[in-house]
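S.K.: Return atomic coordinates for the entry below.
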Amino acid sequence: MAKLKIEDLKKIKERVQGETSLRAGERRVKVTVHMGTCGIAAGAREVMDSLMNEIEESGVTDVVVTTSGCMGLCSREPEITVEILDQDPIIYESMNPNKMRQVFKRHILEGEVQTPFVLAKVTEQGK
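M.R.: Numbering: from 1, shown residues only. Sure, this is the predicted structure:
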């Protein structure tokens, strides 16, 4: 399993610094990789690496990547949350690098939710 290096953390920091909200700046998508200890043990680092590679290779500039701790669903790790501006967030479960590439290409770029990997759709109460 690859270890996260200081350079990796610096790259992540540069990408997300000051971008905690989709409406801040010119971001269309926010992807949160849940990286609690259970997520990391299940492969969240590899999922993050895959996502960062896809963003770099595609040249998109309207996607911000953040991390968070455990969501409390350790058996469903690695998990990511995809938030597209003006849409309900989608939580994906049991991610791996291949699934991450598919979610990036089909959901983030083309708008097609990848239903087989979905754990939950987060909706606001009252909607």
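S.K.: which stretches of this structure form strands?
M.R.: Taking DSSP state E as the test, the strands found in the chain are 29-34, 63-68, 80-84, 90-92, 118-121.
S.K.: Save those strands as CSV, and put in mean neighbour count, mean pLDDT and distance to residue 103 too.
M.R.: Heads up, the C-betas are built off the backbone N, CA and C, glycines and all. Formatted as CSV, the strands of the chain follow (neighbours: other CB atoms under 10 Å; pLDDT from 0 to 100; distance: least, CB to CB, whole Å):
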stretch, mean neighbour count, mean pLDDT, distance to residue 103
strand 29-34, 23, 96, 9
strand 63-68, 18, 95, 12
strand 80-84, 21, 97, 7
strand 90-92, 22, 97, 6
strand 118-121, 15, 94, 10
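S.K.: tell me which residues form a beta bridge with the residue nearest in space to the middle of the chain?
M.R.: With distances taken as CA atoms, centre = their mean, residue 31 lies nearest the centre of the chain, 3.3 Å away. With DSSP bridges as the criterion, residue 31 is bridged to residue 65, residue 82.
S.K.: Would you agree it is in contact with residue 60?
M.R.: No: contact criterion CB atoms under 8 Å: residue 31 and residue 60 do not qualify, at 11.2 Å.
S.K.: what touches both of these two?
M.R.: Counting by CB atoms under 8 Å, 6 or more residues apart in numbering, residue 31 and residue 60 have no shared contacts at all.
S.K.: Relative to residue 102, which of the strands of the chain is closest?
M.R.: strand 90-92 (9.9 Å; CB to CB).
S.K.: just how off-centre is that closest one within its chain?
M.R.: Put simply, strand 90-92 sits 9 Å off its chain's centre (CA atoms, centre = their mean, to the nearest Å).
S.K.: Please name the strands paired to it in the sheet, noting orientation.
M.R.: Those paired with strand 90-92 in the sheet (DSSP bridges) are strand 80-84 (antiparallel), strand 118-121 (antiparallel).
S.K.: ok, and what's touching that strand?
M.R.: For strand 90-92, the surrounding residues in contact (CB under 8 Å, 6+ apart) are 71, 79-82, 99, 103, 107, 113-114, 117-122.
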